[in-house]
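Enquirer: please work out how this folds:
(one chain, ligands or ions: 1)
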Amino acid sequence: MNQAANILSVRDLDVSLPHRSGRVHAVRKISFDVKRGETVCIVGESGCGKSMSAMAILNLLPRGAERNAETLSLLGEDLRNASESRLRRIRGNKIGMIFQEPLTALNPSLTVGEQLMEVYRRHRPQEKANARARAIEMLGQVGIPDPAERISQYPHQLSGGLRQRVVIAMAMMCEPELIIADEPTTALDVTVQAQILRLLIDLKQRFGLALLLITHDLAIASRVADHIVVMYGGQVVEQAPTAEFFRRPLHPYSKGLLGCLPTSQPGRHGQPLQVIPGTVPSLIGDMTGCTFMSRCKEAQPACAANIELQRSGEHWVRCDRVTLPEAL
Ligand SMILES: Nc1ncnc2c1ncn2[C@@H]1O[C@H](COP(=O)(O)OP(=O)(O)OP(=O)(O)O)[C@@H](O)[C@H]1O
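Expert: Predicted structure coming up:
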């Protein structure tokens, strides 16, 4: 793998968190890369470890969490032992962040402009004088009408969609190399979701952004991603370039997620959507064998043994029921 082209490289990232009945092993040796200009989507149901993976990259894990990784590097810089002051210079500067709920990302007592300018002044002290012009420019870039007037408004004066645009503008203020977006459209109305998604696609194309997008929604991933990473039970169970993934999904969990998509069920109007029976595992303590086994229609006794990822080209899958061809 050519690490030089990678904005972000993650190898064997592992996260555990304290819990009253033991430790939650939320992320179990996951590996992936995000290349320049590429969008990687981490997909999976709630509780699969997606958010903890993002938080681990940013070192924003809850108190008592333990993080280990073989590699965790941003533009070749090792983030594993980076000091908190170094990480503060990286977050908001080299890595922009967008979270699910725009209201929690914005300070209700500061105007939109003050918040955008604060990010710029902190990371670009020598260019302080340009902060206001930059804030107005970025509000315009994310499609906020009348940015010179909007800059003086408070978050509560804006709709949910406009607030999320402000958060996106804030993430982009310092021209980051990478944006990490955790469920950026989930808290929004359906029509606004589509607009925000279009905006992310557009910004990615215009600015050549690298984007790590976390979503439970494969339909979103299909529209935005260059590369899909499917997580289940804290592990990567499949990853592949997007076209390849949708042409040839291999893991029974991925096939289950695809079966839940309304668009993948032509002629099923009026019929209930498919669901994957059962629930995600608790992730407390150690687990042996395939984490999806209890919900899998194809499970066999051999699945109780530990299953390694197998690979063909850029397609990886963690299932021994799948026989990969030599080259896909
Ligand atoms: N603060 C915490 N303390 C202990 N365990 C936690 C904490 N936050 C999350 N977990 C556990 O870590 C595991 C992974 O959670 P995570 O939030 O990463 O999942 P997710 O796939 O992002 O789901 P969601 O979309 O619901 O956030 C879950 O078992 C969850 O219960």
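Enquirer: so Ser51 sits against Asp182, correct?
Expert: Yes - using CB atoms under 8 Å, Ser51 is in contact with Asp182, at 5.6 Å. C-beta here means a position set from N, CA and C on the backbone, and glycine is covered the same way.
Enquirer: hey, what's in contact with both of these two?
Expert: Ile214 (CB atoms under 8 Å, 6 or more residues apart in numbering).
Enquirer: what residues does the stretch 201-328 of the chain put near the ligand?
Expert: His216, Leu283 (CB under 6 Å from any ligand atom).
Enquirer: residue in the stretch 201-328 of the chain nearest to the ligand?
Expert: In the stretch 201-328 of the chain, no residue comes nearer to the ligand than Leu283, which is 4.1 Å away by CB to the nearest ligand atom.
Enquirer: which positions in the host helix or strand of Val167 come out as buried?
Expert: Assessed by DSSP states H and E, Val167 sits inside helix 160-172. In terms of neighbour count (16 or more other CB atoms under 10 Å), helix 160-172 has its buried residues at Gly161, Leu162, Arg163, Gln164, Arg165, Val166, Val167, Ile168, Ala169, Met170, Ala171, Met172.
Enquirer: I'd like those written out as CSV, with pLDDT added.
Expert: Below are the buried residues of helix 160-172 laid out as CSV (pLDDT from 0 to 100):
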residue, pLDDT
Gly161, 91
Leu162, 93
Arg163, 93
Gln164, 92
Arg165, 94
Val166, 95
Val167, 94
Ile168, 94
Ala169, 95
Met170, 94
Ala171, 94
Met172, 93
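Enquirer: please, where are all the strands along the stretch 51-200 of the chain?
Expert: Using DSSP state E, counting those that start in this stretch, the strands of the stretch 51-200 of the chain run over 66-68, 71-74, 77-78, 95-98, 178-182.
Enquirer: could the ones you listed go into JSON lines alongside distance to the ligand?
Expert: Shown next, in JSON lines, are the strands of the stretch 51-200 of the chain (distance: least, CB to the nearest ligand atom, whole Å):
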{"stretch": "strand 66-68", "distance to the ligand": "12"}
{"stretch": "strand 71-74", "distance to the ligand": "16"}
{"stretch": "strand 77-78", "distance to the ligand": "23"}
{"stretch": "strand 95-98", "distance to the ligand": "14"}
{"stretch": "strand 178-182", "distance to the ligand": "7"}
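Enquirer: right, and the ones you listed - which one's nearest Met117?
Expert: Minimum separation from Met117 across the strands of the stretch 51-200 of the chain (CB to CB) falls at strand 95-98, 15.7 Å.
Enquirer: show residues contacting that closest one.
Expert: Defining contact as CB under 8 Å, 6+ apart, one finds that strand 95-98 is touched by 57-58, 74, 91, 105, 164, 167-168, 170-174, 176-182, 184.
Enquirer: and if we set it to 10 Å?
Expert: Residues outside strand 95-98 that contact it (CB atoms under 10 Å, 6 or more residues apart in numbering) are 7-8, 54, 57-58, 60, 74, 79, 87, 91, 105, 119, 164, 167-185, 196, 200, 209-214.
Enquirer: ditto for stretch 74-90
Expert: 3-4, 6-10, 13, 34, 36, 56-60, 67-73, 94-95, 122-123, 176-178, 210.
Enquirer: cool, and stretch 240-247?
Expert: Residues from elsewhere that reach stretch 240-247, judged by CB under 10 Å, 6+ apart: 38-41, 43, 218, 221-230, 238-239, 248-251, 254, 258, 264, 312-317, 328.
Enquirer: show the buried residues in the residues you listed.
Expert: Among the contacts of stretch 240-247, those classed as buried by 16+ other CB under 10 Å are 38-41, 43, 218, 221-230, 238-239, 249-251, 254, 258, 264, 312, 315-317.
Enquirer: out of those, which are inside helices?
Expert: Mapping these onto helices (DSSP state H) picks out Leu218, Ala221, Ser222, Arg223, Val224, Ser254, Leu258.
Enquirer: reformat these as JSON lines; add pLDDT.
Expert: Shown next, in JSON lines, are these (pLDDT from 0 to 100):
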{"residue": "Leu218", "pLDDT": "93"}
{"residue": "Ala221", "pLDDT": "94"}
{"residue": "Ser222", "pLDDT": "93"}
{"residue": "Arg223", "pLDDT": "91"}
{"residue": "Val224", "pLDDT": "92"}
{"residue": "Ser254", "pLDDT": "96"}
{"residue": "Leu258", "pLDDT": "91"}
